[in-house]
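Visitor: fold the following and give me the result.
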Amino acid sequence: MILGIGVFSAIVLVIVSVLYILKKFNTDSASTASVAVYHIVAAISIVVAGVWAFTSFDLLNQRDIAQAQLTELKEKLKNVESSKIELSTEVVNYTGVQTEKESKGLIVKVKLVNVGNTPIEFDISKSALKIYQIEARGTEMGYSKLYEPEVISELAQLGAKEESTPLTSFVSLTSSERVLSYFAVLPKDKMYYVVFSTKADNFKSDDVKKCESKSGCKWFVSNYLFLE
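Guide: Numbering: from 1, shown residues only. As a prediction, the model looks like this:
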């Protein structure tokens, strides 16, 4: 808009200058021709300088606006931390050791994908995965039994004194994904509610401060499953 005003002003100035010079040239004697040429050159110089000044100012203003917008965008993306979570289940014909024959094995896989631009540290201790054996009547339900399998980083040998080592936390790097595998042997012909909930640490953005002041920043995914 500033550039348009500058160009319009320059055109008006040219027209006024030319009309003035032509009038003066027609009314005065021929000896004033050199003065007229001088005025024409001076007018053109002023117009060119004005157009250049307005154009330069407009371009500089646009550059400053673009730079400010780019800085704001970079600041917003600086602490972007986000993740996608998927939960899947697989039933296998496994009754386990010293368990009821009317049971099956359940494999639960949780895929965590870091789609942000910073690493995310996930806390999977304190029973991140819960499998509720539920009893329902209409929309009302509750659980009769709770299973809390863990992700095992080091599996102990049967009969050994050492115990298996559970994985309590891990860091999801930028643009990476991790699949956590859980396993449990459960009674058949039951309905289950599978819940995975975990908290991500090392957040710095304002959105995280808001969610922490309410219910906490947690990644949550769940699924119902009937084990036939």
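Visitor: ranges for the strands of the chain?
Guide: With DSSP state E as the criterion, the chain has strands at 83-92, 103-114, 120-123, 129-137, 140-147, 152-154, 165-166, 169-172, 177-187, 190-201, 218-227.
Visitor: which residue is the nearest non-sequential neighbour of T165?
Guide: Nearest non-adjacent residue to T165, counting by Cβ to Cβ, 6 or more residues apart in numbering: E154, 4.0 Å away. Just so you know, the C-beta spots here come from the backbone N, C-alpha and C atoms, and that holds for glycine as well.
Visitor: surely the one you found is in contact with S164?
Guide: Yes: taking contacts as Cβ atoms under 8 Å, E154 lies within contact range of S164: 6.5 Å.
Visitor: low pLDDT regions in this structure?
Guide: Residue ranges of the chain with pLDDT under 70: 1-43, 45-58, 71-83, 98-100, 200-217.
Visitor: mind running it again at 90?
Guide: Applying pLDDT under 90 to the chain picks out residues 1-85, 95-102, 112-127, 158-163, 168-178, 197-220, 228.
Visitor: to R63, which of the strands of the chain lies closest?
Guide: Checking the strands of the chain against R63 by Cβ to Cβ gives strand 103-114 as the closest, at 35.2 Å.
Visitor: which elements pack onto that closest one?
Guide: If you count contacts as 3 or more Cβ pairs under 8 Å, 6 or more residues apart in numbering; DSSP states H and E, strand 103-114 packs onto strand 83-92, strand 129-137, strand 169-172, strand 177-187, strand 190-201, strand 218-227.
Visitor: just name the most buried of those strands.
Guide: Counting by mean count of other Cβ atoms under 10 Å, strand 190-201 has the highest mean neighbour count of these, with a mean of 18.
Visitor: what's that strand in contact with?
Guide: The contact list for strand 190-201 (Cβ atoms under 8 Å, 6 or more residues apart in numbering) reads 81, 83, 85, 87, 89, 106, 108, 110, 120-124, 128-136, 141, 143, 186, 216-227.
Visitor: now stretch 128-141
Guide: The contact list for stretch 128-141, computed with Cβ under 8 Å, 6+ apart, reads 106, 108, 110, 142-150, 180, 182, 184, 186-187, 190-198.
Visitor: got the contact list for L60?
Guide: L60 sits next to no residue when contact means Cβ under 8 Å, 6+ apart.
Visitor: number the chain from 21, please
Guide: Sure, I'll start counting at 21 from here, so that last one is L80.
Visitor: what about it, distance to A86?
Guide: In this view, L80 and A86 are 11 Å apart by Cβ to Cβ, to the nearest Å.
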